[in-house]
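Undergrad: fold the following, please.
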Amino acid sequence: MGKRSIFFVPSRGTRVKTLRVPLWFVIILVVMAAAGIAGYFVPLDRLIMTDQEQAQVQSLTEQNERLHSNIGATLRMLSGLKERTERISTRKEQYKDVIGLPYEPAPAKPQSKQAAPALSSSAILRHIDVSEQLIGKFAGALGDGKRTVFDTVPVARPVSPWKSIVSKQFGMGLDPFTGHQKMHYGTDFAAQIGEPVVATANGIVTMVENDAVWGRRLVITHGRGFRTVYAHLGTVKVAQGRLVKRGEEIGTVGVSGLTTGPHLHYELWLKDKQLNPEDYLFPEWIVMSLD
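TA: Now for the predicted structure:
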């Protein structure tokens, strides 16, 4: 194989220098230069991968792109779910205010070390859809005059406001029999003996008794955790197990039991907690409009 000559021509007028190199050396230099350029534009691992490996890389690349797309869709769905749950919570509180229910945040439960079961997105959507339907039905019932939760919430006065006065309120007060401060878990309505006493909400009479202290007393269970107690009655006009409606006469004002005068002792319970009945009483004209 022949040789090739490389001439070095200086910038000034000096003698030209000649370098003679073998042809094979020139070919090696050209090949190395071409490999370097190819390696710059095409990764070396792509050149040495098999077709199967290249197919796997392509598949993984496509899966990665799909995952990124799914993550974006999931984030958008979660944002939508958050907005819907906030709307539901707001509407629930609005209707709770309308019917006079006090807001009591649920006590925080200790977190379990065991991981909670994962819920699918479809299960979460179904739950939110059902919640929205329930709230919608409740709102519709308020607007079209159908029977609503008002029927089982004790919002009516047990004795006519034109025939009675509140003689003792819920809270601490002086006990007329002991002369000491004592908690009074109810509201007393003073009225004439024989004045009608009515149910303050729909329910069922779950207890009728004649107690030495409370006199003739009955209890009505209204559902949703509400119960009302009527004590010191003169007469009882319903039997245990009787279904009653709001405004239905259940007895009369009397002086039975330990009492200083004719009045009705009225209590309101929500599950195991005694509440101030006056916090739930609606004006008479509103109660009449609900019937």
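Undergrad: start and end of stretch 169-186, how far apart?
TA: End-to-end span of stretch 169-186 (CA to CA, to the nearest Å): 7 Å.
Undergrad: got the buried residues for that stretch?
TA: For stretch 169-186, the buried set under the neighbour-count rule, 16 or more other CB atoms under 10 Å, comprises 170, 184, 185, 186. Using the backbone N, CA and C atoms, a C-beta is placed for each residue, glycine as well.
Undergrad: pretty sure the second one contacts residue 171?
TA: Yes - distance between residue 184 and residue 171: 6.3 Å, which falls inside the contact criterion (CB atoms under 8 Å).
Undergrad: reformat the buried residues of stretch 169-186 as CSV; add distance to residue 157.
TA: Shown next, in CSV, are these (distance: CB to CB, whole Å):
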residue, distance to residue 157
170, 14
184, 18
185, 18
186, 14
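Undergrad: among those residues, which ones are in strands?
TA: Under the assignment DSSP state E, those contribute residue 184 to strands.
Undergrad: can I get the buried residues of stretch 169-186 in TSV including pLDDT?
TA: Shown next, in TSV, are the buried residues of stretch 169-186 (pLDDT from 0 to 100):
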residue	pLDDT
170	88
184	86
185	87
186	91
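Undergrad: which one of the buried residues of stretch 169-186 sits closest to residue 154?
TA: residue 186 (12.3 Å; CB to CB).
Undergrad: the closest one contacts residue 278, doesn't it?
TA: No - using CB under 8 Å, residue 186 makes no contact with residue 278, being 10.2 Å away.
Undergrad: quick check: neighbours shared by these two?
TA: Here residue 186 and residue 278 share the contacting residues residue 170, scored by CB atoms under 8 Å, 6 or more residues apart in numbering.
Undergrad: name the helices or strands packed onto the host helix or strand of residue 80?
TA: Following DSSP states H and E, one finds residue 80 within helix 51-99. Packing contacts for helix 51-99, counted by 3 or more CB pairs under 8 Å, 6 or more residues apart in numbering; DSSP states H and E, involve helix 121-144.
Undergrad: for the helix it packs on, the averaged confidence score.
TA: On average, the pLDDT along helix 121-144 is 58.
Undergrad: contacts for the helix or strand following it next, please.
TA: Using DSSP H and E, the helix or strand that follows helix 121-144 towards the C-terminus is strand 164-168. Strand 164-168 is touched from outside by 157, 184, 187, 188, 189, 190, 191, 195, 253, 263, 264, 278, with contacts defined as CB under 8 Å, 6+ apart.
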